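A.B. asks: Fold the following for me, if possible:
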Amino acid sequence: MSRIARSLALALLPLSAIASAQGAAPLSPEEAALKSHVMFLASDAMKGRDAGSGEYDIAAAYVAAQFQAAGLTPMGANGSYLQPVPLVAYKLADGARAALADGAALEPGKDIAIAANPAARATAVSAPVVFVGHGLEAPAFGLDDYAGVDVRGKIVAYVGGAPAGLPSEVAATMGGPQERLRAAAAHGAVGAIALADLRTAGRGSPAFAGAVTAQGSERVTWATPAGVGNSATPATPLLATLSPAGGAKLFGKAWPAIVKAAARKTLRRVPAVSVAPLTVTSATTFRAMPSSNVVGMLPGSDPALAGEMVVLSAHLDHVGVGKPVNGDAIYNGAMDDAVGIATLIEEARRFKAAGTAPRRSILFLAVTAEEKGLVGSDYFVNHPPVPIDRIVADVNLDMPILTYRFEDMVAFGGDRSTLGPIIARATGALGVALSPDPIPEMSIFVRSDHYNFVRKGVPSVFLWPGLKGPGRAAFDTFMNNCYHRPCDDLNQPFLWGEGVRFLDANYRIAREIADAPQRPVWNKGDYFGTLYKGPMAP
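C.D. replies: Down below sits the predicted model:
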């Protein structure tokens, strides 16, 4: 018996609980349709839909069946709706070491936390270490930490976090390690080290205690044909995180100047090279955990435009079974993101029922392993069923909070391209205005699947109910009490009519993109369009 069959047999046992799901109030057909999908996907039988689990596979089979019922064309492997995703969990093996060429050792857990390298089973790097400030390049914002610095064949050391004064979406992109590794690789560095605890703790600011804890944890990416993990910078791995004590050993007399520079509101790089070359040796172990994306297409009607695709995306996975809270260990993921998947399915039905097919094709995409670091969508944009330059936009559906009547909406990334007016018309039709990002400190722009499309140069939007009126209290209640917790289930006070309004806004956006004579382009000179070489307005 296959893993899916065994899991289905076990999962069907408690499905009677679905029939008694909360709420007997009359619902409209659209409301009932949304709720019915969430009832299945967020039931205890699905055990939180953890990517790589049998329960996730059942959820994927359910979505595939719904795509079939909606009349979508299969766009997965072998004529199916499933795109296999070779997820792989990786972890630092025992025995990692770091030392300076002058004989000084860096003590694990006190001075240094060595990182697992997803791109290699064994890593051995020995080179001088050069301090590069934030390690970022963005001339439009006055950032050029590599000016006059030669790091070819060297290891770079950087201070994390986002520089002050940046727009929220730019700060979100620059806050993490990806852009630092990209810049280091472009300049020929052979590795990178994060310097911890030098700036106010926050997203992207490395904390040494967290790095030490992470050494014992698995992370997830997708596997290459060589059987190791994918990395955007395989020749320039993140080698380790250094504590202040480790930084003092590494940089010697130059360390106080680094600490002083990092304490300033605006960090300026100071010249500093390690007292001796650093050697880091480590090994990485890998564990396969295969999963799948679910992909279906509604063909376009215009012969000249049908080859172009508008993607509607949502993530199917949640975080599985975890630490019990009030006796409940199943992290159901109703709002996050069974609602998004339900919306995706019902949008497919609405497009099909519209009577007139859109001019461009619509690709409906349910991705795996969003909760593992946007892994499933990253695999998709690197292995799309059509050339990536034929994907003209992504409209992403992720965790709308449906416990209040929303009075505004927030379009993460929407104002950076010609999608902006389309989004404004769609929300205006609902009688709500667009608001700027009300929570920039949470870096939402880089935390959902649309961001992987952005990184391929595709104009994208992630639309959320806004926080005006009752929104702030409802948002805070969900985030503080139920986000990634067992209470994200159907016991929450869902307003399914708000789900229909959310669906309507996103349908209008996707429909107008699909029917427009011109594909979306980035606004002239936009940072993301420039950085990721997307189509840009003249």
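
A.B. asks: My guess is Trp255 contacts Ala245. True?
C.D. replies: No: Trp255 lies out of contact with Ala245 (C-beta atoms under 8 Å); the separation is 9.9 Å. C-beta coordinates here come from the backbone N, C-alpha and C atoms, glycine included.

A.B. asks: for Tyr507, helix, strand, or coil?
C.D. replies: Reducing the assignment at Tyr507 to three states with DSSP: H, G, I helix; E, B strand; the rest coil gives helix.

A.B. asks: wait, isn't it in contact with Lys352?
C.D. replies: No: no contact is recorded between Tyr507 and Lys352 when judged using C-beta under 8 Å, the distance being 11.8 Å.

A.B. asks: partner residues bridging the closest residue to Leu72 other than its chain neighbours?
C.D. replies: In this structure, Leu72 finds its nearest non-sequential neighbour in Gly296, 3.1 Å apart by C-beta to C-beta, 6 or more residues apart in numbering. Gly296 has the following beta-bridge partners by DSSP bridges: Pro74, Phe364.

A.B. asks: where's Gly296 relative to Ser361, distance?
C.D. replies: The span separating Gly296 from Ser361 equals 11 Å under the rule C-beta to C-beta, to the nearest Å.

A.B. asks: Next: Asp111.
C.D. replies: Asp111 is 55 Å from Ser361, by C-beta to C-beta.

A.B. asks: And Thr284, by the same measure?
C.D. replies: The gap separating Thr284 from Ser361 is 40 Å, by C-beta to C-beta.

A.B. asks: now do His134
C.D. replies: Plainly put, His134 is 42 Å away from Ser361 if you go by C-beta to C-beta.

A.B. asks: Over to Asp50?
C.D. replies: When C-beta to C-beta is the yardstick, Asp50 and Ser361 sit 32 Å from each other.

A.B. asks: which stretches of this protein aren't confidently modelled?
C.D. replies: 1-25, 201-204 (pLDDT under 70).

A.B. asks: tell me the SS of Ala473?
C.D. replies: Look at Ala473: counting by three-state DSSP, its state is helix.

A.B. asks: higher neighbour count, Trp255 and Ala245?
C.D. replies: Between Trp255 and Ala245, Trp255 has the larger neighbour count (other C-beta atoms under 10 Å), namely 20 against 16.

A.B. asks: The more buried one: what's it in contact with?
C.D. replies: With contacts defined as C-beta atoms under 8 Å, 6 or more residues apart in numbering, the neighbours of Trp255 are Gly247, Ala248, Ala272.

A.B. asks: cutoff 7 Å now
C.D. replies: Trp255 makes contact with Gly247, Ala248 under the criterion C-beta atoms under 7 Å, 6 or more residues apart in numbering.

A.B. asks: same check, this time on the one 3 residues further on
C.D. replies: Taking C-beta under 7 Å, 6+ apart as the definition of contact, the neighbours of Ile258 are Phe131, Gly247, Phe251, Val270, Ala272.

A.B. asks: what about the last one, neighbour count?
C.D. replies: Other residues within reach of Ala272 by the criterion other C-beta under 10 Å amount to 21.

A.B. asks: Please verify my assumption that it contacts Gly252.
C.D. replies: No: under the criterion of C-beta atoms under 7 Å, Ala272 is not in contact with Gly252, lying 9.2 Å apart.

A.B. asks: rewinding a little: which of Thr284 and Ser361 has more neighbours?
C.D. replies: It is Ser361, of Thr284 and Ser361, that has more neighbours when counted by other C-beta under 10 Å, with 26 against 22.

A.B. asks: Near the nearest residue to the more buried one once chain neighbours are set aside, how many other residues are there?
C.D. replies: Closest residue in space to Ser361, ignoring its immediate chain neighbours: Gly300 at 4.1 Å, by C-beta to C-beta, 6+ apart. Residues lying near Gly300 (other C-beta under 10 Å) number 21.

A.B. asks: now Gly300: how far from Pro358?
C.D. replies: Noted for Gly300: a distance of 6 Å to Pro358, by C-beta to C-beta.

A.B. asks: shared neighbours of the two, anything?
C.D. replies: Common contact partners of Gly300 and Pro358 (C-beta under 7 Å, 6+ apart): Ala514.

A.B. asks: For Arg97, list the residues it contacts.
C.D. replies: Residues near Arg97 by C-beta under 7 Å, 6+ apart: Thr281.

A.B. asks: what bridges to it?
C.D. replies: The residues paired with Arg97 through beta bridges, assigned by DSSP bridges, are Thr281.

A.B. asks: what's the closest non-adjacent residue to Pro244?
C.D. replies: Distances taken as C-beta to C-beta, 6+ apart put Asp197 closest to Pro244, at 5.8 Å, once the chain neighbours are dropped.

A.B. asks: Tell me how many other residues surround the one you found.
C.D. replies: When counting by other C-beta under 10 Å, one arrives at 21 neighbours for Asp197.

A.B. asks: Report the secondary structure element holding it.
C.D. replies: With elements taken from DSSP states H and E, nothing contains Asp197; it lies in neither a helix nor a strand.

A.B. asks: Could you pull out the helices in the stretch 201-350 of the chain for me?
C.D. replies: Taking DSSP state H, counting those that start in this stretch, the helices of the stretch 201-350 of the chain run over residues 208-214, 244-251, 255-263, 339-353.

A.B. asks: For the shortest one, buried residues please.
C.D. replies: In other words, helix 208-214. Under the neighbour-count criterion of 16 or more other C-beta atoms under 10 Å, helix 208-214 has Phe208, Ala211, Val212, Ala214 buried.

A.B. asks: do you know how far the first one is from Ala98?
C.D. replies: So the one you mean is Phe208. Note on Phe208: its distance to Ala98, by C-beta to C-beta, is 14 Å.

A.B. asks: And for the third one?
C.D. replies: With distances defined as C-beta to C-beta, the gap from Val212 to Ala98 amounts to 13 Å.

A.B. asks: The residue nearest to Ala411 when sequence neighbours are not counted in helix, strand or coil?
C.D. replies: The spatial neighbour of Ala411 that comes closest, neighbours along the chain excluded (C-beta to C-beta, 6+ apart), is Ile423 at 4.7 Å. Following three-state DSSP, Ile423 is assigned to helix.

A.B. asks: give the contact list for Ile423.
C.D. replies: Under the contact definition (C-beta under 7 Å, 6+ apart), the residues listed for Ile423 are Ala411, Gly414, Leu434, Val461, Leu463, Ile509.

A.B. asks: cutoff 10 Å now
C.D. replies: Taking C-beta atoms under 10 Å, 6 or more residues apart in numbering as the criterion, Ile423 is in contact with 395, 409, 411, 413-415, 417, 434, 461, 463, 505-506, 508-509, 512-513.

A.B. asks: Also Gly210?
C.D. replies: Counting by C-beta under 10 Å, 6+ apart, Gly210 makes contact with Ala113, Ala196, Asp197, Ala201, Thr241.

A.B. asks: picking that back up, joint contacts of Phe208 and Ala98?
C.D. replies: Once C-beta under 10 Å, 6+ apart is applied, the residues that Phe208 and Ala98 both contact turn out to be Asp111, Ile112, Ala113, Leu242, Gly246.
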